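Q: got a predicted model here, sequence first, then my questions.
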Amino acid sequence: MGALIDRPLNDSQVREFETQGFTLLSNALDAQTLEKLNRDLNEWLLESRNYSDSYGQQTDGRPRFSLEPGHTFERPALRRVASPVELSLIYLNVMRDSAAVDAVAQLIGPNIKFNNAKINLKHPGMATKVDFHQDFMFEPHTNDDLVTVLYFLDELTPDNGPLEIVPSSHKGPLYDHWHDGIFTGAVSPEVAVRAQAKAISCFGLAGTACLMSTRLLHGSAPNRSSAPRTLYIVEYCAEDAYPLQANHIPSKFAGEIVRGESTNRVRCSDYDMIFPEFPTGASFFEQQARRT
């Protein structure tokens with residue numbers, strides 16, 4: 001059974017999530033927790049210098065650490081750590097217990113379970129970008145009560161590739177991420193142009209968390225600053241939402257109840273999509289690269 005919840009979101013933040021598809025929670029992580037998270041991350045960054053290609057192993061055999069093209073010993077470019085909760089006690093503890101977990105329970109609870117987790121990094125001057133997409137198109141469930149929590153491990157500024165979201169797009173359609181028979185992990189160029197015109201950027205100090213609907217259109221530009229931009233991303237779902245496909249970021253902790261209790265019930269919502277392609281590489285970055 002998960003812990004009893006506090007209520008870190010005020011009524012205005014709850015309404016913002018319902019109408020806009022996201023809300024920001026300041027000070028979701030304290031300074032000591034941030035220091036511990038970044039300490040483990042820095043160890044992985046140092047380790048990555050010894051590799052020339054993606055490495056490590058997820059529970060399904062795919063690489064755990066994804067390296068960006070152009071990665072070198074002198075200029076390491078680690079861009080993804082898949083399921084850090086498998087490797088680090090502090091990442092596991094934050095997944096299980098933080099103000100943001102309580103906030104998720106406010107929004108789609110009271111019964112909440114863990115789905116998956118990852119770290120996405122953008123190093124200064126590197127080309128990593130994320131094309132507009134909807135998280136739900138990578139992880140179909142019986143219902144769409146899924147929330148993505150993005151913890152800012154660095155300050156997000158206008159220049160370091162901040163999260164770009166399209167307000168209220170979670171109330172719109174689910175867009176195909178398949179194009180010409182290829183799963184690109186992104187919306188079509190036409191939809192992307194419209195999304196970019198409506199998108200707003202999310203800025204915040206390290207320790208902030210953005211809570212985002214799984215249906216919300218979002219992306220991000222490359223890091224054009226001299227400062228890193230790192231997100232610890234944890235996805236949760238309502239306890240009565242069940243996966244319809246294998247988890248694209250597998251974990252032995254997937255399905256763990258983090259708030260509330262197990263009801264042994266399943267709830268279905270009305271939607272349709274083409275099943276996503278299960279990734280064969282280290283991350284969805286390889287799938288989005290096929291777009292070009």
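A: Structure received. Residues are numbered from 1 along each chain as shown.
Q: I'd say Ala77 and Phe65 touch.
A: No. In this structure, Ala77 sits apart from Phe65 without contact. The criterion is C-beta atoms under 8 Å, and the distance is 11.1 Å. Every residue, glycine included, has its C-beta placed from N, CA and C.
Q: more neighbours: these two, which one.
A: Neighbour totals were compared for Ala77 and Phe65, and Phe65 leads with 24 against 20 (other C-beta atoms under 10 Å).
Q: what about the nearest residue to the more buried one once chain neighbours are set aside, how many neighbours?
A: When the adjacent residues along the chain are set aside, Phe65 lies closest to Gly56, with 4.6 Å between them (C-beta to C-beta, 6 or more residues apart in numbering). Using other C-beta under 10 Å, Gly56 has 18 neighbouring residues.
Q: was I right to think Gly56 contacts Arg64?
A: Yes. Gly56 sits in contact with Arg64 when judged by C-beta under 8 Å, with a separation of 3.5 Å.
Q: identify the bridge partners of Leu78.
A: Leu67 (DSSP bridges).
Q: for it, which residues are in contact?
A: Residues counted as contacts of Leu78 (C-beta atoms under 8 Å, 6 or more residues apart in numbering) are 44-45, 48, 65-68, 71, 121, 123.
Q: any chance of those residues in a markdown table, plus pLDDT?
A: Converted to a markdown table, the contacts of Leu78 look like this (pLDDT from 0 to 100):
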| residue | pLDDT |
| --- | --- |
| Trp44 | 97 |
| Leu45 | 95 |
| Ser48 | 96 |
| Phe65 | 96 |
| Ser66 | 94 |
| Leu67 | 93 |
| Glu68 | 90 |
| His71 | 90 |
| Leu121 | 95 |
| His123 | 90 |
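Q: what's the closest of those residues to Ile90?
A: Of all the contacts of Leu78, the one sitting nearest Ile90 is Trp44; the distance, using C-beta to C-beta, is 12.6 Å.
Q: what about the spatially closest residue to that closest one that is not a sequence neighbour, helix or strand, and which?
A: Spatial nearest neighbour of Trp44, chain neighbours left out: Val81 (6.0 Å); criterion: C-beta to C-beta, 6+ apart. For Val81, the enclosing helix or strand under DSSP states H and E is strand 78-82.
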